[in-house]
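Participant: A predicted structure for the sequence below; I have some questions about it.
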Amino acid sequence: MKLLQFRQGFATNSSSSHSNIITNPLTKLVLTGKGERADDFTPGEFGWEPFTISSEEGRMEYYAYMIGANLDLPFWMKEALAYSITGIHITEDGYIDHQSVFSLPRSWKDEGLDQQFLQELKTFLLQDGITIIGGNDNSEDTHSMAKCGPAVLNKMPHSGGDWVCRKNGDEWTLFDRKEGAKLTFTLDNTKIERTRPNAPELIDIKITNFCPYACSFCYQNSTAQGKHADQEKIRDIVYECEEHKVFEVAIGGGEPTLHPDFEDILHAFRSHGVVPNFTTRNLSWLRDEKRRPLILKECGAFAVSVDESAMVKELGELIKRYDIENKVVIHYVLGSAGLWTFEGILREAHAQGIGITLLGWKTTGRGATGPLHDNTTWLDVIKQYASKFECPRIGIDTCIANEYEKEIKLANIPDWLFYTEEGKFSMYYDAVEEKWGPSSFCEDDEYVKVKAKDGRNMIEAWNKIKPTKRMKGKKNVKSVDGV
């Protein structure tokens, strides 16, 4: 089994997010040991005590109970499905401890577990040389085989998630609709890097060019005279996203929360299995007793664009008041403020317990003249705060991953935590002007327009879009004034 890519948390920004480059090391949950080893487990009991499973029958018994643990059904139905996959009968008093089971992906429309994935995981578990070990954390002792073999997957889907999956060639991508984690892997060790899938996993959708805030770093050049996208055109995209199993959308603008049909748009995506996330500068909806519950119910997560620590503190107070810690991240555009302000944002975000996604400066729209401040030492600043355990969870966008690829690798960040090409796994749709591109800040000649066929043109556009590292921008250096 080969891990190709991992991301923690929903995608809320206009280009693809990349996970945790400093904090929160991934927990090893499943290990393999090579060579012949004796079984050491009590039949039907997996997890209260350390266990080792090497035999084919033992592995299938473990898998049978795992399947049963993933089903909220009467026992006879659990037993029937587990037997149909593994050939093993489970008992009603058997179990797998919660720390030794992971969530199996469900079908897109939540009609049971994904049958293709179940069969392929079975084939993997039956390979020669596979040993499954497990246990719990009741003591400080580690399993005797914990150092005998490589980790096959540094973070398997945890129990309690709401996982769905897609297959592209020999690659599986699993996505948690509940918490936003996404991982891609193969069930062998031969794959080196990911290939472009047959459909995007994420679509960044601009639903309006209206915005009253006039941010100096707005690369969309949105204004109070901007137009809203037609809701019916957005609904066409909803159906295509469902058909091709697009995991999530990042809704932006303009100011998306001011689109007159915003709540309806969120509901349309969610009701078709696509998780809608959005970016905003507007906090008035959070204080609105009517709008807040509707929006929070439908969205996976939302991001608030900030350029000063006072905004982070205000957001933190609202988060605590409405108990929505797991729904929020901060967006900070590198170069929108000086380093002193950036450090203040980091400190306040850590104090409030809010994660940050750093965005590269895009030199289109009002950002055409380049960054307002020099933030090129951002990674050194983060390392400094991380060394003191005072750094919030940090993510980056593809723009930064591209600009600072060398520095990120020198910081020993594994390449399966980020990628540098726009349009490889995600795409952009401007629903106002009805055009598609690899990203929301791509060159004019990279946009494609396709003729809608019964309102559907996503896949035709996806096939025409070419992944690119080319950006309309500069290294993140100051162009206006000093730090």
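Facilitator: That came through fine. Numbers count the residues shown, from 1 in each chain.
Participant: just the strands in the stretch 151-300 of the chain please.
Facilitator: Per DSSP state E, counting those that start in this stretch, the stretch 151-300 of the chain carries strands over the ranges 151-153, 163-168, 171-176, 182-186, 202-206, 248-252, 275-280.
Participant: Distance to P414, mean neighbour count and mean pLDDT for the ones you listed - can I get that in TSV?
Facilitator: Every residue, glycine included, has its C-beta placed from N, CA and C. Listed next are these as TSV, based on distance: least, CB to CB, whole Å; neighbours: other CB atoms under 10 Å; pLDDT from 0 to 100:
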stretch	distance to P414	mean neighbour count	mean pLDDT
strand 151-153	12	19	37
strand 163-168	21	20	93
strand 171-176	18	23	93
strand 182-186	13	22	89
strand 202-206	21	25	96
strand 248-252	23	27	96
strand 275-280	25	25	96
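Participant: now those in TSV, with distance to P212?
Facilitator: Below are the strands of the stretch 151-300 of the chain laid out as TSV (distance: least, CB to CB, whole Å):
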stretch	distance to P212
strand 151-153	46
strand 163-168	37
strand 171-176	34
strand 182-186	34
strand 202-206	17
strand 248-252	15
strand 275-280	12
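Participant: for this structure, what helix or strand is lowest in average pLDDT?
Facilitator: Ranked by mean pLDDT, DSSP states H and E, the weakest helix or strand in the chain is strand 151-153, scoring a mean of 37.
Participant: what about this structure, any weak spots by pLDDT?
Facilitator: The chain contains residues with pLDDT under 70 at 1, 13-38, 99, 136-160, 191, 452-455, 470-483.
Participant: quick one, domains of it?
Facilitator: Here the domain assignment for the chain is 2-186, 202-464, based on automatic domain parsing.
Participant: Using a markdown table, please lay out the ones you listed together with distance to R194.
Facilitator: Below are the domains of the chain laid out as a markdown table (distance: least, CB to CB, whole Å):
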| stretch | distance to R194 |
| --- | --- |
| domain 2-186 | 5 |
| domain 202-464 | 8 |
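Participant: Between the ones you listed, which one is closest to T195.
Facilitator: The closest of these to T195 is domain 2-186. By CB to CB, the value is 6.0 Å.
Participant: Do me a favour and get the end-to-end distance for that closest one?
Facilitator: End-to-end distance of domain 2-186 (CA to CA, to the nearest Å): 5 Å.
Participant: Stretch 101-116 now?
Facilitator: Start-to-end, stretch 101-116 (CA to CA) is 19 Å.
Participant: Give the buried residues for that stretch.
Facilitator: 101-106, 108, 113-114 (16 or more other CB atoms under 10 Å).
Participant: what's in contact with stretch 105-121?
Facilitator: 63, 67, 70-71, 81, 85, 104, 157, 162-165, 167, 172, 174, 187, 242, 245, 273 (CB atoms under 8 Å, 6 or more residues apart in numbering).
Participant: Which members of the buried residues of stretch 101-116 are positioned in helices?
Facilitator: Taking DSSP state H as the definition of helices, those contribute nothing to them.
Participant: Need the max-distance pair from those.
Facilitator: V101 and W108, at 22.4 Å, using CB to CB across these.
Participant: so how far is C165 from P74?
Facilitator: Applying CB to CB, to the nearest Å, the value for P74 to C165 is 25 Å.
Participant: Same question for G437.
Facilitator: From G437 over to C165 (counting by CB to CB), the distance is 27 Å.
Participant: ok, which stretches of the stretch 251-400 of the chain are helices?
Facilitator: For the stretch 251-400 of the chain, the helices defined by DSSP state H, counting those that start in this stretch occupy 262-271, 284-287, 291-298, 309-322, 339-352, 378-387, 398-403.
Participant: So which elements touch the fourth one?
Facilitator: Yep, that's helix 309-322 we're talking about. Here helix 309-322 touches helix 284-287, strand 328-333, helix 339-352, going by 3 or more CB pairs under 8 Å, 6 or more residues apart in numbering; DSSP states H and E.
Participant: Redo those as CSV? Include distance to D40.
Facilitator: Conversion of those to CSV gives the following (distance: least, CB to CB, whole Å):
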stretch, distance to D40
helix 284-287, 53
strand 328-333, 43
helix 339-352, 44
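Participant: which one of those is the most hemmed in?
Facilitator: Between the helices and strands packed on helix 309-322, strand 328-333 has the highest mean count of neighbours, a mean of 24, where neighbours are mean count of other CB atoms under 10 Å.
Participant: Now do that strand against strand 275-280, angle only.
Facilitator: 50 degrees (axes from the mean of the first three to the mean of the last three CA atoms, to 10 degrees).
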